[in-house]
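In: Provided below are the primary sequence and the corresponding predicted coordinates.
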Amino acid sequence: MIKNSINRRQFLASSAALPLIPASIQAKAENPKNSTSAGINTDIDIDRVASNPYIQNLRDVAMNILKPSKKDYEHGMELHRNSLVIEGYGFTPYSAINGDEIRKLIDEGGTPQELLVKMEDQQRTNCLVDMNERKQFVEA
């Protein structure tokens, strides 16, 4: 029996950032003036949001709802620049469902369970097969 075992939460907490280390080192080496202490180039993220009308619109809606003061906004951006944020319980962008495939499954007599499985599968994997969905996924 292993006496010094760790639980799942401890394992995830201790290993979550490991895949990011090579990218952060490279980003810091390529452009140190735009990098935070964590080595992440924040200008790239800001440019990506501005260049994607869909994401920019969603950001504008959120900002209009939240209406942060300049001080609060700058503080929030500073927190994000200086933090490694891992949220594994809900944030994975979903892809759009292919209505034609769902209609075909309905016409073929698919059960409600089959429809649910197909729609859930498409939400999670259409970004791998549809280039427009892939672009939205990467930019999100």
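Out: All right, it came through fine.

In: name the element residue 96 belongs to?
Out: Using DSSP states H and E, residue 96 maps to neither a helix nor a strand.

In: mind checking how far it is from residue 71?
Out: Distance from residue 96 to residue 71, counting by Cβ to Cβ, to the nearest Å: 38 Å. All C-beta atoms are positioned from the backbone trio N, CA, C, and that covers glycine.

In: which one of these two has more residues nearby?
Out: residue 96 (13 against 8; other Cβ atoms under 10 Å).

In: That one and residue 130: what is the separation?
Out: 8 Å.

In: Kindly report the same for residue 107.
Out: Taking Cβ to Cβ, one finds residue 107 at 21 Å from residue 130.

In: need the helices for the chain, in chain order.
Out: In the chain, the segments counted as helices under DSSP state H are 8-15, 21-30, 42-51, 53-66, 70-81, 99-107, 112-129, 131-139.

In: ok and the fifth one relative to helix 53-66, angle-wise?
Out: Looking back up the chat, that one is helix 70-81. 130 degrees (axes from the mean of the first three to the mean of the last three Cα atoms, to 10 degrees).

In: Mind checking the pLDDT average for helix 70-81?
Out: In this model, helix 70-81 has a mean pLDDT of 87.

In: before we move on, what about the second one?
Out: Mean per-residue pLDDT for helix 21-30: 51.

In: Residue 107 and residue 130: which is more packed in?
Out: Between residue 107 and residue 130, residue 130 has the larger neighbour count (other Cβ under 10 Å), namely 16 against 8.

In: lowest-confidence helix or strand of the protein?
Out: helix 21-30 (a mean of 51; mean pLDDT, DSSP states H and E).

In: OK, contacts around residue 136?
Out: 54, 93, 95, 127 (Cβ atoms under 8 Å, 6 or more residues apart in numbering).

In: now with 7 Å?
Out: 54, 93 (Cβ atoms under 7 Å, 6 or more residues apart in numbering).

In: Look up how far residue 117 lies from it.
Out: The value you get for residue 136 to residue 117, if Cβ to Cβ is used, is 23 Å.
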